[in-house]
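In: The following comprises the amino acid sequence and a computationally predicted model.
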Amino acid sequence: MTIAYIAVFTLSLLLPPSYLFYVEKSRREHWLFGLFVCVSITNLGYLLLSVSQTVRFALFSNKLAYLGQVLVLLCMLKIISKLCGVIWPKWASILLICIAAAMFGLVCTTGYLDWYYRSVTLSHANGASMLVKEYGPLHPLYLIYVLGCFVAMLSVIVRAFRKRSGGAVKLAGLMLVVVLGNIGMWIVEKFIPLNFEFLSISYLMSEFVFFFVHILLQDYVRIADLPAVPAQPQVKSSVIFVDSAERANRVETILAGLPENTTLTARQMDVLEGILDGKSRKEIAADLHLSENTVKMHTSSLFKVLGVSSREEIFAMLQD
C-alpha cells in the first residue's frame, strides 16, 4: 500500500511545475494551481500516515491530509464555477474560505478534545498503517461541509446546462462526470471498509481533467473579454488603409460580427492581426516563428470561423 501512496504522491508533485511550465503567466488560474498544491498536500498526508509508527505522528499526518482535502473541495468548486461561467461575489468567496478554515480547525482539535474523534488507535494491515477512529459529536459537520461543496458544484453545473450553449453544455457535462466520480468514491470510502484511500486517486484524476481542459481553453479568447475601445470616426473611402485605425478597434470590429459565443484561438487572433496589418503569409510566419504551412493552416481555420474565403472579404467586414 505504501508503494501505491508513493506513486500517487509523486504524480501529484509533477502537476504544479508542469502547469507553471506549459501555461503562460497571464493565463494561469490561481484556484487551479491551488488545487494542484492541495492535492499534493493531501497525498503527502496519506503517505505519511501509511508509514506512521506512533499515534501522535499518525494524527499529524491525518491533519495534513485533512488540510489538503478541505481546500481541494473549495478549489474544485471555484474551478468548476469559472469553467461554467458562474462568478461568485467576493463576500461569498471569503465566506467559503472561512468555512473551510473552520472545518480544518475542528479537525485540529483531535488529540486535545473529543469533538471530532472520541478516540483513535493505530493499526497495521497490508504493509501500511491506518487510524481506527471513533467519531465525536461534531464529526457530522465535516460531512455536511463535504456534501455542501458537492451540492454547490452540481448546482453550478445544472445552471450551465440551462444556458443551452453548446460550449457550456459540453464543459458542464465533463464537470458532471468529475463531480459524480468524486462523490461516488467518497460514498464508497464512507460505507465500505477499505485499506486504501482511493480518494487520493480520484483527486489526481480530477486534476488531470482540469489541467487538460485548461490547456485546451487557454488559447480561446471571448469577445466579452476584449477591452472596450472608443469608437473611431469612420472614413469613407474605396481604398482601405488598415493602419488608419488602431489594431484593437479593427479586431473588435471583425469579432463583433461573429455569432454569439464564437471564439478565436490565440493563433487565429495573431494571424488576423497580421492580415489586418497587410502582412504576407511569409511575414506572419516570421513574426510568429512558425512555418508558412502552419500559418496557412491557421489562416484556413480563421477564414472558416469568419465565414470568408479571402483576405479581401476580411477587409470588407471593416466597411460594414
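Out: Structure's in. What do you need?
In: next helix or strand past the helix ranked longest in the chain?
Out: As assigned by DSSP state H, the longest helix anywhere in the chain is helix 55-83. Per DSSP states H and E, helix 55-83 leads on to helix 90-107 as the next helix or strand towards the C-terminus.
In: Quick one: mean pLDDT over that next one.
Out: Mean pLDDT, helix 90-107: 93.
In: Next: stretch 275-287.
Out: Mean pLDDT, computed over stretch 275-287, is 85.
In: what about that stretch, start to end distance?
Out: By Cα to Cα, to the nearest Å, the extent of stretch 275-287 from end to end equals 12 Å.
In: List the buried residues for that stretch?
Out: Using 16 or more other Cβ atoms under 10 Å as the test for burial, stretch 275-287 gives 275-276, 279, 281, 284-285. Using the backbone N, CA and C atoms, a C-beta is placed for each residue, glycine as well.
In: what angle separates the longest helix of the chain from helix 90-107?
Out: Put simply, helix 55-83 runs at 160 degrees to helix 90-107, going by axes from the mean of the first three to the mean of the last three Cα atoms, to 10 degrees.
In: So which elements touch helix 55-83?
Out: helix 30-50, helix 90-107, strand 117-125, strand 128-135, helix 139-163, helix 166-191, helix 199-217 (3 or more Cβ pairs under 8 Å, 6 or more residues apart in numbering; DSSP states H and E).
In: circling back to that earlier point, what two of the buried residues of stretch 275-287 are the furthest from one another?
Out: Within the buried residues of stretch 275-287, 276 and 285 form the most distant pair, 16.3 Å apart (Cβ to Cβ).
In: if I pick residue 271, what's in contact with it?
Out: Listed by Cβ atoms under 8 Å, 6 or more residues apart in numbering, the contact set of residue 271 reads 284, 288, 295, 298-299, 302.
In: tell me the contacts of the nearest residue to residue 57 once chain neighbours are set aside?
Out: Leaving aside its sequence neighbours, residue 57 sits nearest to residue 48 (Cβ to Cβ, 6 or more residues apart in numbering; 7.3 Å). Residue 48 makes contact with 57, 60-61, 64, according to Cβ under 8 Å, 6+ apart.
In: Now a PyMOL select for only the buried ones of those residues.
Out: Burial among these is assessed by 16+ other Cβ under 10 Å; the matching PyMOL selection reads:
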select buried, resi 60+61+64
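In: hang on, the earlier thing: ok, of the helices and strands packed on helix 55-83, where does mean pLDDT dip lowest?
Out: Lowest mean pLDDT within those: helix 166-191, a mean of 78.
In: residues of that helix that come out buried?
Out: For helix 166-191, the neighbour count (16+ other Cβ under 10 Å) marks 167-168, 171-172, 174-176, 178-179, 182-183, 185-186 as buried.
In: circling back to that earlier point, deepest-packed of the helices and strands packed on helix 55-83, please.
Out: helix 30-50 (a mean of 22; mean count of other Cβ atoms under 10 Å).
In: I'd like to check the angle between that helix and helix 90-107, please.
Out: Per the same axes, to 10 degrees, the angle that helix 30-50 makes with helix 90-107 is 10 degrees.
In: re the thing from before, among the buried residues of stretch 275-287, which one lies nearest to residue 152?
Out: Using Cβ to Cβ, those come closest to residue 152 at residue 276, 43.5 Å.
In: distance of residue 112 from residue 145?
Out: Distance, residue 112 to residue 145, using Cβ to Cβ, to the nearest Å: 21 Å.
In: Over to residue 38?
Out: For residue 38, the distance to residue 145 (Cβ to Cβ) stands at 15 Å.
In: Same check on residue 189?
Out: To residue 145, residue 189 is 16 Å away according to Cβ to Cβ.
In: ok, now residue 301?
Out: Here the criterion is Cβ to Cβ. By it, residue 301 lies 45 Å from residue 145.
In: circling back: using TSV, please lay out the buried residues of stretch 275-287 together with distance to residue 11.
Out: Shown next, in TSV, are the buried residues of stretch 275-287 (distance: Cβ to Cβ, whole Å):
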residue	distance to residue 11
275	43
276	45
279	44
281	42
284	39
285	38
